[in-house]
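>>> I would like the atomic coordinates for the input below:
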Amino acid sequence: MVMHSCSPYTLFLPSSIVTIGAFDGVHLGHQALIRKVVERAKTFGIPAVVYTFDPPPRCYFQKVPMLTPPDEKLKRLKHLKVDYAILARFDEAYLSRSAESFIEELQMLNPVEIWVGRDFRFGRNRAGGLDELSAVFNVKTIDPICCNCGETISSTRIRSLIAAGRLEEARELLGNMKD
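Residues are numbered from 1 along each chain as shown. Purely as a prediction, here's the structure:
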């Protein structure tokens, strides 16, 4: 895996499969999505790219604790056999970027598919969404992944479990990266 610290237009690929998200914790839900992206990339014989943020947007805006620091996140992504990880510095400068600027940056990756959550937003004031992304790229979404009890696996839920002292449940949702 090659890690690219992102300033706009730093990585050019002739083609790729891309997923974009905070991926804080790289929990079981994230792992399912990333495995799907890696599988699709292998099918096409092209690189799998994870575009993620440091810090995760929720940590930046809401000051919630980060589940995985950047080095741990990258280690987990490498374990999942991602070819490239773009770690974008999420700060005031990044927030000022237009939706069009973000799309231009993604075009440098020449994505055959882009996988995102159904609520994905991007650009200054969250101006871009699935419609804007789909106008330029082949966009795929994945339904939320649920645990055995039927609840959605999310970083927010894991943080809540940790805050409640339910550490074993939180660890289960984060998944064992050794398998």
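
>>> Would you check how far apart the nearest residue to Thr152 once chain neighbours are set aside and Ser155 are?
Nearest residue to Thr152, sequence neighbours excluded (Cβ to Cβ, 6 or more residues apart in numbering): Pro144, at 4.4 Å. For the C-beta atoms, the positions are set from N, CA and C on the backbone; glycine is no exception. According to Cβ to Cβ, to the nearest Å, Pro144 and Ser155 sit 12 Å apart.

>>> name the helices or strands packed onto the longest helix that the chain contains?
The longest helix of the chain (DSSP state H) is helix 28-44. Where contact means 3 or more Cβ pairs under 8 Å, 6 or more residues apart in numbering; DSSP states H and E, helix 28-44 is packed against strand 16-20, strand 48-54, strand 111-116.

>>> Can I get the helix or strand containing Ser160 as CSV, trimmed to CA atoms?
Following DSSP states H and E, one finds Ser160 within helix 155-163. Written as CSV, here are the backbone C-alpha positions of helix 155-163 (Å, rounded to 0.1, in the frame of the first residue of the first chain):
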residue,chain,number,x,y,z
SER,A,155,-18.2,4.9,14.8
THR,A,156,-20.8,6.9,16.8
ARG,A,157,-22.2,3.7,18.2
ILE,A,158,-18.7,2.4,19.1
ARG,A,159,-17.9,5.7,20.9
SER,A,160,-21.1,5.4,22.8
LEU,A,161,-20.3,1.8,23.9
ILE,A,162,-16.8,3.0,25.0
ALA,A,163,-18.3,5.9,27.0
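
>>> All set now, cheers.
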